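K.L.:
sequence unavailable; structure follows:
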């Protein structure tokens with residue numbers, strides 16, 4: 001839901017009508033006074049933005065997880081004596 005909230009209203013409303021209410025693009029167009037092609041375009045662009053946002057969050061999580069693993073390994077590594 002956090003990603004959906006970051007979309008422009010025009011894209012968000014089309015996505016909600018399409019996914020949650022299962023309207024066709026023709027029905028969405030009629031409800032919002034748009035052509036079906038415009039409704040479909042807003043849907044496609046909105047879904048792509050959601051994908052990009054989710055990928056960014058996943059990349060950030062993976063980087064943080066990698067950092068935690070490396071730090072944990074360093075913390076448990078045996079010390080080297082300076083003979």
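P.N.:
Now that the structure is in, tell me what you want to look at. These figures come from a predicted structure and were not determined experimentally. Numbering: from 1, shown residues only.
K.L.:
what's the spacing between whatever helix or strand residue 60 lives in and its chain's center?
P.N.:
Residue 60 belongs to helix 36-76 when assigned by DSSP states H and E. Here helix 36-76 shows a centroid-to-chain-centroid distance of 6 Å under the convention Cα atoms, centre = their mean, to the nearest Å.
K.L.:
helices or strands up against it?
P.N.:
Helices and strands touching helix 36-76, as assessed by 3 or more Cβ pairs under 8 Å, 6 or more residues apart in numbering; DSSP states H and E, comprise helix 2-5, helix 9-19, helix 25-32. C-beta coordinates here come from the backbone N, C-alpha and C atoms, glycine included.
K.L.:
okay, which residue is most central for the chain?
P.N.:
Averaging the C-alpha coordinates of the chain gives a centre point, and the residue nearest to it by Cα atoms, centre = their mean is residue 54 (2.9 Å).
K.L.:
ok, now which ones touch the nearest residue to it once chain neighbours are set aside?
P.N.:
Computed as Cβ to Cβ, 6 or more residues apart in numbering, the closest residue to residue 54 that is not its neighbour in sequence is residue 3, at 6.1 Å. When contacts are counted by Cβ atoms under 8 Å, 6 or more residues apart in numbering, residue 3 is found next to 49-50, 53-54.
K.L.:
show me which of the residues you listed are buried.
P.N.:
Under a neighbour-count criterion of 16 or more other Cβ atoms under 10 Å, the subset of those counted as buried comprises 49-50.
K.L.:
for the contacts of residue 3, which one is nearest residue 41?
P.N.:
Here the nearest of these to residue 41, counting by Cβ to Cβ, is residue 49; it sits at 12.6 Å.
K.L.:
shouldn't the closest one be in contact with residue 12?
P.N.:
No - taking Cβ atoms under 8 Å as the contact criterion, residue 49 and residue 12 are not neighbours in contact, 9.9 Å apart.
K.L.:
ok, now how distant is residue 32 from residue 53?
P.N.:
The spacing between residue 32 and residue 53, counted by Cβ to Cβ, to the nearest Å, is 23 Å.
K.L.:
if you could redo that for residue 2, that was the one I meant.
P.N.:
Distance, residue 2 to residue 53, by Cβ to Cβ: 8 Å.
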